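Asker: the sequence isn't on hand, but the structure is:
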């Protein structure tokens with residue numbers, strides 16, 4: 001009988017210890033899940049930020065390309081205007097020379 005009581009007491013102690021270990025494991029599991037969720041949210045935030053930066057970079061590249069094309073067109077128009085100005089200046093000089101030669 002005494003032996004059974006001691007055995008029962010040991011079983012109760014073992015049961016208490018197992019319950020304590022189970023609580024500890026559940027707490028660790030809960031802490032881990034919380035940490036996982038926090039890290040997951042951080043990761044999603046970083047991914048969103050990277051996606052926004054990527055989109056902004058693409059937008060800036062597109063804008064730069066368009067501005068470069070516009071600049072090229074403006075340079076071509078300027079060159080054309082300078083050529084036209086030179087032709088007009090040459091024609092003006094030619095007309096002045098003709099007028100001066102006829103006026104003599």
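Answerer: On my side now, so go ahead. The model shown is predicted, which means the values in this text are computed figures rather than measured ones.
Asker: how far off centre is the helix or strand where residue 73 lies?
Answerer: Assigned by DSSP states H and E, residue 73 falls within helix 2-103. In terms of C-alpha atoms, centre = their mean, to the nearest Å, the centre of helix 2-103 is set 0 Å apart from its chain centre.
Asker: please name every helix or strand in contact with that helix.
Answerer: Packing partners of helix 2-103 (3 or more C-beta pairs under 8 Å, 6 or more residues apart in numbering; DSSP states H and E): none among the helices and strands. C-beta here means a position set from N, CA and C on the backbone, and glycine is covered the same way.
Asker: quick test: name the residue nearest the centre of this protein.
Answerer: Geometric centre of the chain, nearest residue: residue 53, 1.5 Å, by C-alpha atoms, centre = their mean.
Asker: how much space separates that residue from residue 41?
Answerer: Using C-beta to C-beta, to the nearest Å, one gets 19 Å for the distance from residue 53 to residue 41.
Asker: what's the neighbour count on residue 80?
Answerer: Residues lying near residue 80 (other C-beta atoms under 10 Å) number 10.
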